[in-house]
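Visitor: Sequence first, predicted coordinates after that:
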Amino acid sequence: MLELIYTSVDIAPFALSLGYNGPPFIWQVDRRKELIAKLEAIYGILYGFSREEFDFIFETFHSTKRQELEQFGQYQSKQAALKYYDEYLSEFGNTI
């Protein structure tokens, strides 16, 4: 989460409060997408969503789905989140 938030020196006090004393993280679109997908998967597991429920939730984001299908030909954010959901659930079960 820190890497997604701490992208400017203006947020240094927050980073320091978390024990991080390094420079702000560089805004990298692909890296941010990966981190967001991982967090979404963890949230889905923590909320106790079945895979079907988690999948359904992504289907309710019509504009995001449409934009990604137009731009990439696939619903990348949903695919990535489901991939990590499956990976984390098989690795950790419901112990996250």
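Guide: Right, received. Where do you want to start? Residues are numbered from 1 along each chain as shown.
Visitor: middle-most residue in the chain, spatially?
Guide: residue 36 (1.7 Å; C-alpha atoms, centre = their mean).
Visitor: What separation do you get for that one and residue 17?
Guide: Distance, residue 36 to residue 17, using C-beta to C-beta, to the nearest Å: 22 Å. C-beta: built from backbone N, CA, C; applies to glycine.
Visitor: State the phi and psi torsions of residue 75.
Guide: For residue 75, the backbone dihedrals (degrees, to the nearest 10) come out as phi -90, psi 80.
Visitor: so what's residue 7 up against?
Guide: Contacts were defined as C-beta atoms under 8 Å, 6 or more residues apart in numbering; by that measure residue 7 touches 24, 25, 26, 27.
Visitor: so where does the residue lying closest to the third one once chain neighbours are set aside fall, helix or strand?
Guide: Using C-beta to C-beta, 6 or more residues apart in numbering and skipping the chain neighbours, the partner closest in space to residue 26 is residue 7 (7.6 Å). Assignment of secondary structure by DSSP states H and E places residue 7 within no helix or strand.
Visitor: so what's residue 7 scoring on pLDDT?
Guide: We have a pLDDT of 97 for residue 7.
Visitor: Downstream of the host helix or strand of residue 34, the next helix or strand is which one?
Guide: Element membership for residue 34, per DSSP H and E: helix 29-46. As assigned by DSSP H and E, the chain's next helix or strand after helix 29-46 is helix 51-59.
Visitor: Just name the closest of the contacts of residue 7 to residue 43, please.
Guide: Set against residue 43, the nearest of the contacts of residue 7 by C-beta to C-beta is residue 25 (20.7 Å).
Visitor: ok, that closest one - contacts?
Guide: 2, 3, 6, 7.
Visitor: Check the secondary structure at it for me.
Guide: The assignment at residue 25 comes out as coil when based on DSSP: H, G, I helix; E, B strand; the rest coil.
Visitor: What separation is there between it and residue 44?
Guide: Taking C-beta to C-beta, one finds residue 25 at 24 Å from residue 44.
Visitor: again, but for residue 28
Guide: Residue 28 is 24 Å from residue 44, by C-beta to C-beta.
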